[in-house]
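Engineer: give the three-dimensional model of this entry:
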Amino acid sequence: MRTRPEITESPLEETAFVRAEKRRGRGARSNASGRHEAYARVSFDDGWHDGTASQGAGGAQAEHHEADENDIPRLRTTVTDEHAKTIITRNISPDIPFDRSINPYRGCEHGCIYCYARPSHANMGLSPGLDFETRLFAKPNAADLLRKELARPRYRCRPIAIGTNTDPYQPVEKDRQIMRRLLEVLDEASHPVTIITKSALIGRDLDILSSMARRNLVKVALSVTTLDHRLSRHMEPRASTPGRRLQAISALAKAGIRTGVMVAPVIPSLNDHEIEGILAKAYEAGAREAGWVMLRLPLEIKDLFAEWLAEEAPDRADRVMGLVKNMRNGRLYDTRFMHRMRGQGAYADMISKRFRLAVKKLGFHMGLEPLDCTRFVAPRQDSQQMSLF
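Structural biologist: A predicted model of the protein is given here:
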């Protein structure tokens, strides 16, 4: 449970589509209302911004238009503190390899257009589009809550996953350091953790991670979607570059930390040809575990991704969406467990076989020993009462 933070009025215009000058450096092209809202925003161009409207005002309109083009403010990232009541989220999904997770932040400035977490922003009364990557929520009391929850007498230790929804090492973490404080609590309690990220900022915490690694308490995976810097810049604009992610893999591996790579998501006809190349580069850098996930387009993501494709890859847009439907029984998404992550059919089977052959050829280790849960010691709570032992 958590309290819903106060939301200020969105600085975005009340139309779905947002002009390129204003959203430069962002992933989504629009800011349509979330599915829970009573009214939907619609885009309508009356011609005033491009000089095609009536010229009844003489030259004044053209002069005003020129000033607008030069002075359009860029979208800025805002962060609102959210004082959660609990921090560990539980799940019983049969196709997810963990039963508990932590998300230090809501929303993600990385702006990955394919991000399956985008629809969660609709639960805050915000748009899964540009709001998701510009209007963030931080949980400053996360470490205190974690300490409290781990100290409960009935708590039973199992690995906690971090980075499964939004990235714990997105740019705001550099200043907020919520993830680092969480790691400090986990390290103190000898509690195992798995981390997935697209950010080289994880290298900041090598001291804690290496300490935990010596007790088999941590494993980290870097998500590498493409080796093409241009594609990465447009598809995941504020995430670390592919090269920096590979450098992070190398640094983690050299520090003795179990390190893997996630080829995720695999996007038909866009980055699917890179599977073997990504795995080879990651193995060379030091990754020894690997996984993959097929593109998922639930809820609002299907429209956001289609808008992005139409602008960034119009020559392949129809083919990409056609292959997605081919794997999902003619739909853009299949919510069924065991199908949503992989898809089905000839194309999905081909991707799966290619991945298995590549990891076998390169020598990735699959099915390594689990993290150690036997070392867990409940953290001490801050209290004026002294311990009896």
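
Engineer: which stretches of the stretch 51-200 of the chain have low pLDDT?
Structural biologist: 51-73 (pLDDT under 70).

Engineer: which stretches in it count as helices?
Structural biologist: In order along the chain, the stretch 51-200 of the chain carries the following helices (DSSP state H, counting those that start in this stretch): 60-71, 130-134, 142-150, 173-176, 178-189.

Engineer: okay, those helices in CSV with mean neighbour count and distance to Y347 next?
Structural biologist: Any C-beta I mention is one placed from the backbone N, CA and C, and that applies to glycine too. As requested, the helices of the stretch 51-200 of the chain are arranged in CSV below (neighbours: other C-beta atoms under 10 Å; distance: least, C-beta to C-beta, whole Å):
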stretch, mean neighbour count, distance to Y347
helix 60-71, 11, 44
helix 130-134, 28, 29
helix 142-150, 20, 40
helix 173-176, 16, 37
helix 178-189, 20, 37
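
Engineer: possible to save those as a markdown table with distance to P104?
Structural biologist: As requested, the helices of the stretch 51-200 of the chain are exported to a markdown table (distance: least, C-beta to C-beta, whole Å):
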| stretch | distance to P104 |
| --- | --- |
| helix 60-71 | 36 |
| helix 130-134 | 16 |
| helix 142-150 | 5 |
| helix 173-176 | 7 |
| helix 178-189 | 4 |
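
Engineer: ok, which of the ones you listed comes nearest G163?
Structural biologist: Each of the helices of the stretch 51-200 of the chain has some distance to G163 by C-beta to C-beta; the shortest is helix 178-189, at 8.9 Å.

Engineer: from R118, how far out is the nearest residue to R319 once chain neighbours are set aside?
Structural biologist: Spatial nearest neighbour of R319, excluding adjacent residues (C-beta to C-beta, 6 or more residues apart in numbering): S269 at 4.8 Å. With distances taken as C-beta to C-beta, to the nearest Å, S269 is found 22 Å from R118.

Engineer: give the residue spans of the stretch 251-389 of the chain that score low on pLDDT.
Structural biologist: By pLDDT under 70, the weakly predicted segments of the stretch 251-389 of the chain are 382-389.

Engineer: 50 instead, please
Structural biologist: Screening the stretch 251-389 of the chain residue by residue with the criterion pLDDT under 50, one finds the ranges 383-389.

Engineer: and the strands in it, which stretches?
Structural biologist: Taking DSSP state E, counting those that start in this stretch as the criterion, the stretch 251-389 of the chain carries its strands at 258-266, 289-294.

Engineer: give me the buried stretch members for the last one, please.
Structural biologist: Neighbour counts over strand 289-294 (16 or more other C-beta atoms under 10 Å) mark E289, A290, G291, W292, M294 as buried.

Engineer: out of those, which is nearest to R354?
Structural biologist: With C-beta to C-beta as the yardstick, the closest approach to R354 among the buried residues of strand 289-294 comes from W292, at 9.5 Å.

Engineer: was I right about the closest one contacting R356?
Structural biologist: No - with contacts counted by C-beta atoms under 8 Å, W292 stays clear of R356, the gap being 9.8 Å.

Engineer: so how far is D372 from the spatially closest residue to G107 that is not a sequence neighbour?
Structural biologist: Across the structure, with C-beta to C-beta, 6+ apart as the measure, the residue nearest G107 apart from its sequence neighbours is L136 (4.2 Å). Using C-beta to C-beta, L136 is found at 34 Å from D372.
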